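In: Sharing a model prediction with you, sequence too.
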Amino acid sequence: MYKNRAPEGGNNICGRRVRELRLAMPGRVSHRMLSERLQIEGLDLDKNAVQRIESGERFVTDIELKVLSRVLGVSADELLGE
């Protein structure tokens, strides 16, 4: 039977990688700064949503994954750990 949770019990498998990439960006980008960059790309996520994604508390849609990967400068596969 399929379970819609990550192996460690979170609601997504990309959150840790999003955090790593955000912190590796020049100038140590904050949650708010990342959410502003996402909004410029047309994805309406506030800083709290970014925090919840990184902590695994929030599901991530395929649309969100696509924009996150573009803003973070990696492929969606890299965000998924593949």
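Out: Received the coordinates, thanks.

In: Which residues does stretch 42-51 contact?
Out: Defining contact as Cβ atoms under 8 Å, 6 or more residues apart in numbering, one finds that stretch 42-51 is touched by 18, 22, 30-32, 34-35, 38-39, 53, 58, 63-64, 67-68. Quick note: C-beta positions are derived from backbone N, CA and C, even for glycine.

In: now that we're looking at Gln39, how far away is Arg32 from it?
Out: Distance check for Gln39 against Arg32: by Cβ to Cβ, to the nearest Å, it reads 10 Å.

In: which stretches of this structure form helices?
Out: For the chain, the helices defined by DSSP state H occupy 15-24, 31-40, 47-55, 62-72, 76-79.

In: Alpha carbons of the fourth one, in PDB - could you do that?
Out: Output in PDB follows, covering the C-alpha atoms of helix 62-72 (Å, rounded to 0.1, in the frame of the first residue of the first chain):
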ATOM      1  CA  ASP A  62       4.700  19.600  -8.700                       C
ATOM      2  CA  ILE A  63       4.200  23.200  -9.700                       C
ATOM      3  CA  GLU A  64       5.900  24.400  -6.600                       C
ATOM      4  CA  LEU A  65       8.700  21.900  -7.100                       C
ATOM      5  CA  LYS A  66       9.300  23.200 -10.600                       C
ATOM      6  CA  VAL A  67       9.500  26.800  -9.500                       C
ATOM      7  CA  LEU A  68      11.600  26.000  -6.400                       C
ATOM      8  CA  SER A  69      14.100  24.100  -8.600                       C
ATOM      9  CA  ARG A  70      14.300  27.100 -11.000                       C
ATOM     10  CA  VAL A  71      14.900  29.700  -8.300                       C
ATOM     11  CA  LEU A  72      17.400  27.500  -6.500                       C
END
